[in-house]
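Novice: Below are the sequence and a predicted model for it; my questions follow.
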Amino acid sequence: MRAWTELFRVSALFSVPGDALAGAAAVGRGPGRGTAFAIGASLCLYEAGMALNDWADREEDAVDRPHRPIPSGRISPPAALGAAGVLTAAGLALAARAGRPALAVATGLAATVWAYDLRLKHTKAGPAAMAAARSLDLLLGATATAAGAGATTGRGTATAMAPRTAPGTVTAAATVYAGRGPGPGPRAGRPARGRAAPLPPATVYAGRGPGPGPRTERPARGRAAPLTTTPDNVASALRPPLAALAAALPAALVLGAHTYGVTAVSRHEARGGSTAVPLAVLATTATLGAIALAAPRGWRPREPATAHRGPRPGEPATPGLGASGIGLTGPGEYREGRPHRPTASTLTPLLLTTFTGAYLRTAGPPLLHAALNPSPSLTQRAVGGGIRAMIPLQAALAAHAGAPASGFAVMALVPLARSLARKVSLT
């Protein structure tokens, strides 16, 4: 069992769930059923990559890392390769449960992982391939969450998608129940004497108001024309995955840039000797921290209460200092506003600063030490710090997207990852 935990590097496993949570936050959705499938798929594909990596590097590890499970003989190469295949299939199966868009992204992720371990790892495209894999993992969470939310919405009634009408308004169109066909509409009033009955409006398209209905065949003589209520949901079903990818792409690029730097440093962890690479990655880390500290989505500074002339409706004027006084109202004035209480929107900038500070504190010092002394041990510490720093970076991305609760959930993994890293190496 100890050998398999070393092969899978289970201490690095806690850097994976934050990808899906940050992706869900990027599309403005809370974690749901699709997010859970995305997390499961990500964990399987991540561990498949770990097993495949050691299988592909078994000859190199026999020289540089003879203590690894495969070179030491504790795990056979066929067993490691078989585990990689089984975990890849399990990851794709879980992604398929989240919908076809999630399966498409997971397929690209699996292909990238296998291409990196078998072909691209020791080429110049290696860091870019690993960065693409981490970015795709975040996009997997975004598409799975968006698809799950769309499926949930599709099982509800169509009144949530139809245009709102004023209370008491009578509509002549039949009410369409999603997934159950047309249902009974409201009872129409009898037209006034001498006036013709109004014609029913055209078919209502969900979310777009009235529009022209589909063309139907002319009914036979003496038969009434059938009422058709076919919503235009074919095109709208294709929009959520593309919209989710577009919304989550900036966060995916930030996480991919960090992964690129960590992978570039890891190329020298066995023998050391590089000073320029840790310095460049340190500058990139500072830049990513500045990007994460930008104004979070949906946050607005709290506006101060303002004094208004005239008494408050139903209340007499309060004597005292006027608008020139600090926080007081004068004769004939009243002040709008309620006592300030911390809310999620007001706490988000504070949490974002905290998460970003944790990211810089985790990744920055080890990189600086590796740049000053590029020994193998300090370079390995820089790589381990970069892997651990992914967790607060994911939390910062979630908070930046307006989901502080998801950021808290991701940061809760830090103590677990830290304690397990003392028992199993991250690299």
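Specialist: Looks like it came in fine. Numbering: from 1, shown residues only.
Novice: What is the three-state secondary structure of Gly28?
Specialist: coil (DSSP: H, G, I helix; E, B strand; the rest coil).
Novice: what about the nearest residue to Ala12 once chain neighbours are set aside, how many neighbours?
Specialist: Spatial nearest neighbour of Ala12, excluding adjacent residues (Cβ to Cβ, 6 or more residues apart in numbering): Leu426 at 5.0 Å. Any C-beta I mention is one placed from the backbone N, CA and C, and that applies to glycine too. Number of residues near Leu426 (other Cβ atoms under 10 Å) recorded here: 19.
Novice: Kindly report the same for Thr287.
Specialist: Neighbour tally, Thr287, other Cβ under 10 Å: 12.
Novice: residue contacts, the residue nearest to Ala12?
Specialist: Going by Cβ atoms under 8 Å, 6 or more residues apart in numbering, Leu426 touches 9, 11-12, 383-384, 387-388.
Novice: Report pLDDT for it.
Specialist: Listed pLDDT for Leu426 reads 77.
Novice: List the residues that contact Leu118.
Specialist: 52, 56.
Novice: try Arg418
Specialist: Arg388.
Novice: quick one: secondary structure of it?
Specialist: Strictly by three-state DSSP, Arg418 counts as helix.
Novice: sorry, back to before: what distance do you get for the residue nearest to Ala12 to Tyr116?
Specialist: 18 Å (Cβ to Cβ, to the nearest Å).
Novice: same thing with Arg2?
Specialist: Counting by Cβ to Cβ - Arg2 and Tyr116 are separated by 26 Å.
Novice: ok but Pro71 is inside a helix, no?
Specialist: No. Counting by three-state DSSP, Pro71 is not found in a helix; it is coil.
Novice: what's the nearest residue to it if we skip its chain neighbours?
Specialist: Ala62 (4.2 Å).
Novice: So the one you found is in contact with Pro69, correct?
Specialist: No. At 11.9 Å, Ala62 does not count as touching Pro69 under the criterion of Cβ atoms under 8 Å.
Novice: More neighbours: which of the two?
Specialist: Pro69 (22 against 13).
Novice: can you pull the contacts of Pro365?
Specialist: Gly385.
Novice: Show the model's pLDDT score for it.
Specialist: 96.
Novice: For Tyr116, see how far away it is.
Specialist: Pro365 is 28 Å from Tyr116, by Cβ to Cβ.
Novice: Next: Ser274.
Specialist: Taking Cβ to Cβ, one finds Ser274 at 20 Å from Tyr116.
Novice: So the two - more neighbours on which side?
Specialist: Applying other Cβ under 10 Å to Ser274 and Tyr116 shows that Tyr116 carries more neighbours, namely 24 against 18.
Novice: Dump the contacts of Leu426 to a markdown table, plus secondary structure, distance to Ala358 and pLDDT.
Specialist: Output for these, formatted as a markdown table (DSSP: H, G, I helix; E, B strand; the rest coil; distance: Cβ to Cβ, whole Å; pLDDT from 0 to 100):
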| residue | secondary structure | distance to Ala358 | pLDDT |
| --- | --- | --- | --- |
| Arg9 | coil | 22 | 91 |
| Ser11 | helix | 18 | 88 |
| Ala12 | helix | 17 | 91 |
| Val383 | helix | 18 | 94 |
| Gly384 | helix | 15 | 92 |
| Ile387 | helix | 14 | 95 |
| Arg388 | helix | 10 | 94 |
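Novice: Just the buried ones among the residues you listed, please.
Specialist: Among those, those classed as buried by 16 or more other Cβ atoms under 10 Å are 9, 11-12, 383-384, 387-388.
Novice: ok, those residues vs Ser419, which is closest?
Specialist: Minimum distance to Ser419 across these is 8.8 Å, recorded for Ser11 (Cβ to Cβ).
Novice: The closest one and Val424 touch, don't they?
Specialist: Yes. If you go by Cβ under 8 Å, Ser11 and Val424 touch, sitting 4.5 Å apart.
Novice: Now do the shared contacts for those two.
Specialist: Between them, Ser11 and Val424 share no contacting residue, judged by Cβ under 8 Å, 6+ apart.
Novice: Turn the contacts of Leu426 into TSV, including distance to Gly18.
Specialist: Below are the contacts of Leu426 laid out as TSV (distance: Cβ to Cβ, whole Å):
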residue	distance to Gly18
Arg9	16
Ser11	15
Ala12	12
Val383	18
Gly384	17
Ile387	12
Arg388	12
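Novice: with these in mind, which one is nearest to Ala147?
Specialist: Ala12 (27.7 Å).
Novice: contacting residues for that closest one?
Specialist: By Cβ under 8 Å, 6+ apart, the neighbours of Ala12 are 50, 387, 417, 426.
Novice: from these, which two are the most distant?
Specialist: Across those (Cβ to Cβ), the longest gap, 15.2 Å, separates Met50 and Ala417.
Novice: These two: which has the busier surroundings?
Specialist: When neighbours are counted by other Cβ under 10 Å, Met50 and Ala417 differ, and Met50 comes out ahead with 23 against 19.
Novice: Output the contacting helices and strands for the strand or helix carrying that one.
Specialist: Assessed by DSSP states H and E, Met50 sits inside helix 33-56. Judged by 3 or more Cβ pairs under 8 Å, 6 or more residues apart in numbering; DSSP states H and E, helix 33-56 is in contact with helix 2-8, helix 17-26, helix 77-97, helix 100-115, helix 126-154.
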